[in-house]
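[1] The sequence isn't on hand, but the structure is:
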């Protein structure tokens, strides 16, 4: 199993334990007061159940525009359906949190959600988010690397190693390996010739899925100005 992230969608029935709370405020509160109450309470949905239809319609539009939440005006006896996103508690491993802090990002905040990359493990009816490396260790699985390749073809009369040595990429760390290949940052590059046509050279670029952006960028860079370039 590779260390790529997977998303698991579970469908289940939830028991809704709804409570209605009464908050006392002026019975003659105007639109300003209602808007202030919504701003403080931060609800996900609003239902307007009392007032003049024209003024309620105006307030409904104002609420939806300013707070970007759904606002309903159900008539007497009408059923209003609201979409909810139930919160599912998930434990996060300490190592994953330390990694997020090392990357310089803020820690998760319920009021400012952001994406965290990890592997979700379900065990004993509990969920835990861990790093992909930790998940492989806990599950006793071996890691398999997924790599991408790209071929750039060109005509060159020089020997293979000379052709490869002229691949100059300014601004990148370039390392010549003992097997004759070149490592540009984390991208592996090697050259081969056609047995039928020695002047026909193929540059082969290889990278892991984590380096997809860099690999795509380098392949596009090497194709510039190369005749009959093909990726």
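    That came through, no problem. On a predicted model such as this, the values are computed, not experimentally measured, just so you know.
[2] Can you tell me the SS state at the residue sitting nearest the centre point of the chain?
    Centroid-nearest residue in the chain, with Cα atoms, centre = their mean: residue 115, separated by 6.3 Å. Each residue gets one of three states, and residue 115 gets coil by DSSP: H, G, I helix; E, B strand; the rest coil.
[3] Residue numbering should commence at 603 henceforth.
    Sure, I'll start counting at 603 from here, so that last one is residue 717.
[4] Report the contact partners of it.
    Not one residue lies near residue 717 by Cβ atoms under 8 Å, 6 or more residues apart in numbering. Placement of C-beta: from N, CA and C, glycine included.
[5] before we move on, what about the one 3 residues further on?
    By Cβ under 8 Å, 6+ apart, the residues touching residue 720 are 607, 694-695, 698, 731-734, 737.
[6] And residue 774, by the same measure?
    By Cβ under 8 Å, 6+ apart, residue 774 lies in contact with 786-787, 820.
[7] where along the protein do the strands fall?
    Taking DSSP state E as the test, the strands found in the chain are 647-649, 672-674, 693-694, 721-725, 728-732, 749-757, 776-778, 784-786, 789-795, 802-810.
[8] any chance of those in CSV, with mean pLDDT and mean neighbour count too?
    CSV is the format used below for these (pLDDT from 0 to 100; neighbours: other Cβ atoms under 10 Å):
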stretch, mean pLDDT, mean neighbour count
strand 647-649, 90, 15
strand 672-674, 91, 16
strand 693-694, 86, 14
strand 721-725, 86, 15
strand 728-732, 87, 16
strand 749-757, 82, 16
strand 776-778, 78, 12
strand 784-786, 80, 17
strand 789-795, 84, 18
strand 802-810, 83, 18
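[9] so which of those strands comes closest to residue 632?
    Residue 632 lies closest, by Cβ to Cβ, to one member of the strands of the chain: strand 647-649, at 16.0 Å.
[10] and the closest one, what other elements does it pack with?
    strand 672-674 (3 or more Cβ pairs under 8 Å, 6 or more residues apart in numbering; DSSP states H and E).
[11] Give me the mean pLDDT for stretch 762-770.
    Average pLDDT, stretch 762-770: 68.
[12] Let me have the contacts of residue 720 in CSV, extended by distance to residue 780.
    What follows is these, written out as CSV (distance: Cβ to Cβ, whole Å):
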residue, distance to residue 780
607, 35
694, 42
695, 39
698, 37
731, 41
732, 37
733, 32
734, 31
737, 34
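[13] ok, of those, which one's closest to residue 752?
    Scanning those for proximity to residue 752, where the rule is Cβ to Cβ, the winner is residue 607, at 23.2 Å.
[14] okay, how far is it across stretch 720-734, tip to tip?
    This stretch, stretch 720-734, spans 6 Å end to end (Cα to Cα, to the nearest Å).
[15] before we move on, back to that, look up how far residue 697 lies from the residue nearest to the centre of the chain.
    From residue 717 across to residue 697, the span is 18 Å (Cβ to Cβ, to the nearest Å).
[16] Then residue 776?
    Shown here: residue 776 relative to residue 697, a distance of 33 Å by Cβ to Cβ.
[17] One more: residue 725?
    According to Cβ to Cβ, residue 725 and residue 697 sit 17 Å apart.
[18] Check residue 803 too.
    Taken as Cβ to Cβ, the span from residue 803 to residue 697 is 45 Å.
[19] max-length helix in this protein?
    helix 655-669 (DSSP state H).
[20] Name the residues of that one that are buried.
    658, 661-662, 665, 669 (16 or more other Cβ atoms under 10 Å).
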